[in-house]
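In: quick one, structure for this:
(one chain, ligands or ions: 1)
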Amino acid sequence: MKKIPDEIIECLNENNSFLILIHQKPDGDAIGSAIALGKGLKQLNKSVDYYIQVPIEEKLIFFKEIECFNQSLKEKYDVIIFLDCSSYEFAFKPENFPEAKVNLVIDHHKSNYCYGNLNFVEITGATAEIVYWLLKALSVKISEDMADAIFTGISTDTGSFQFSNVTADTHQILSELYTIKPNFASLSKMLHNQKNFCQMKMTGAAIHSMEIITDTPIAMMVLDHETIANYGGALNISDDVANIGQNTSGVIITALLKEVKDGEYRVSLRAKAPYDIHMVALKYGGGGHERAAGFTFCGDIDLLKKDLLDVYQTQRDANA
Ligand SMILES: [Mn+2]
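Out: Now for the predicted structure:
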């Protein structure tokens with residue numbers, strides 16, 4: 001881990017009231033990072049509010065700190081922290097945006113354009129990794145709850161340590177977390193394997209829908225509106241199912257499309273190194289990383305197939 005700039009530590013140490021914001025449709029890294037940092041700042045006697053989009057994924061609601069989410073909102077804060085938000089637009093924000101002396105951006109997305117007055121953007125496996133180093137630098141004592149939150153962030157954003165974003169730093173943090181809590185086995189299984197009945201059935205339907213775009217290593221899965229409605233109407237599967245496409249032998253790029261409403265899809269993309277699909281997400285106003293990205297798509301699925309094909313062929317030729 002590179003040294004944390006002094007002004008970041010000073011900003012957290014010398015201010016007293018904080019509002020934590022994370023991205024829309026919060027995932028394990030966003031929630032875990034918010035909880036670990038929020039609890040850490042509270043330990044330093046800071047006042048911390050959270051403004052978070054609900055509902056939160058079922059597998060993440062075990063954190064007690066979630067009771068503190070969306071409790072109160074001041075008109076003015078010392079610092080508003082944007083955590084795990086690649087862009088200002090993608091952050092989930094209150095309509096009447098509070099005043100703040102500092103907008104502090106803490107993130108790990110390559111596409112982050114540093115929209116704060118103070119920015120700490122490092123390309124790591126998860127924002128939770130950065131939060132861990134911040135807590136250490138602030139001399140916070142990491143509790144078991146906070147260790148769970150950090151584990152949740154890192155484990156979900158690295159696909160249970162299987163993605164290419166895992167580094168020696170990632171494992172170093174993990175090894176330190178194991179000195180706080182003897183094991184994370186049940187948390188890990190809950191985060192990655194456990195699904196409710198409807199999620200299981202939807203996973204099956206997604207796999208059943210899988211097609212390989214002719215003569216390419218591109219897999220596409222579509223959960224239409226009717227299928228989703230059949231299983232309760234909640235769009236609460238994504239990461240793991242998109243990864244399943246990538247587990248198919250020979251597949252390099254996977255697109256999982258969930259039809260939110262008629263003709264509007266929430267798309268999750270995955271790619272294997274050295275392929276980079278995040279520009280497809282950017283084109284449609286989404287964001288993400290080189291190998292995992294997401295966006296909302298309206299229109300003809302054939303056009304999306306063509307985009308994926310173009311990206312694949314261009315990069316294949318460039319790497320040939
Ligand atoms: Mn993240």
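
In: for the lengthiest helix in the chain, C-alpha coordinates in PDB please.
Out: Scanning the chain for the helix with the most residues, using DSSP state H, yields helix 301-319. Provided in PDB are the C-alpha atoms of helix 301-319 (Å, rounded to 0.1, in the frame of the first residue of the first chain):
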ATOM      1  CA  ILE A 301     -30.300  -6.300 -27.700                       C
ATOM      2  CA  ASP A 302     -28.700  -6.900 -31.100                       C
ATOM      3  CA  LEU A 303     -27.100  -3.500 -30.900                       C
ATOM      4  CA  LEU A 304     -25.600  -4.500 -27.500                       C
ATOM      5  CA  LYS A 305     -24.400  -7.800 -29.000                       C
ATOM      6  CA  LYS A 306     -22.700  -5.800 -31.800                       C
ATOM      7  CA  ASP A 307     -20.900  -3.500 -29.200                       C
ATOM      8  CA  LEU A 308     -19.600  -6.600 -27.400                       C
ATOM      9  CA  LEU A 309     -18.500  -8.200 -30.600                       C
ATOM     10  CA  ASP A 310     -16.700  -5.000 -31.700                       C
ATOM     11  CA  VAL A 311     -14.900  -4.700 -28.400                       C
ATOM     12  CA  TYR A 312     -13.900  -8.300 -28.500                       C
ATOM     13  CA  GLN A 313     -12.600  -8.200 -32.100                       C
ATOM     14  CA  THR A 314     -10.800  -5.000 -31.700                       C
ATOM     15  CA  GLN A 315      -8.900  -6.200 -28.600                       C
ATOM     16  CA  ARG A 316      -8.300  -9.600 -30.000                       C
ATOM     17  CA  ASP A 317      -6.700  -8.100 -33.100                       C
ATOM     18  CA  ALA A 318      -4.700  -5.600 -31.000                       C
ATOM     19  CA  ASN A 319      -3.400  -8.500 -28.800                       C
END
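
In: flag every buried residue along that helix.
Out: Residues of helix 301-319 classed as buried: 304-305, 307-309, 311-312, 315 (neighbour count, 16 or more other CB atoms under 10 Å). In this view, the C-beta of every residue, glycine as well, is placed from N, C-alpha and C.

In: how far away is the closest residue to residue 202 other than its chain neighbours from the ion?
Out: Excluding its sequence neighbours, the residue lying closest to residue 202 (CB to CB, 6 or more residues apart in numbering) is residue 231, at 4.9 Å. Distance, residue 231 to the ion, by CB to the ion, to the nearest Å: 27 Å.

In: just to revisit the earlier point, what separates the longest helix of the chain from the chain centre, distance-wise?
Out: On the basis of CA atoms, centre = their mean, to the nearest Å, helix 301-319 sits 25 Å off its chain's mean C-alpha point.

In: ok, now stretch 194-207?
Out: Counting by CA atoms, centre = their mean, stretch 194-207 comes out at 21 Å from the chain centroid.

In: can you mark which positions in that stretch are buried?
Out: 195, 198-199, 201-203, 205-206.

In: show me where the stretch 151-300 of the chain has helices.
Out: 168-177, 185-192, 197-208, 225-230, 239-246, 278-283 (DSSP state H, counting those that start in this stretch).

In: list every C-alpha atom in the third one, with coordinates, as PDB.
Out: What it means is helix 197-208. This file holds the C-alpha atoms of helix 197-208, laid out as PDB (Å, rounded to 0.1, in the frame of the first residue of the first chain):
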ATOM      1  CA  PHE A 197     -35.400 -20.200  -3.200                       C
ATOM      2  CA  CYS A 198     -36.300 -17.500  -5.700                       C
ATOM      3  CA  GLN A 199     -32.700 -16.500  -6.200                       C
ATOM      4  CA  MET A 200     -31.800 -20.100  -6.800                       C
ATOM      5  CA  LYS A 201     -34.600 -20.600  -9.400                       C
ATOM      6  CA  MET A 202     -33.600 -17.300 -11.100                       C
ATOM      7  CA  THR A 203     -30.000 -18.400 -11.300                       C
ATOM      8  CA  GLY A 204     -31.200 -21.600 -13.000                       C
ATOM      9  CA  ALA A 205     -33.300 -19.600 -15.400                       C
ATOM     10  CA  ALA A 206     -30.400 -17.400 -16.200                       C
ATOM     11  CA  ILE A 207     -28.100 -20.400 -16.900                       C
ATOM     12  CA  HIS A 208     -30.900 -21.900 -19.000                       C
END
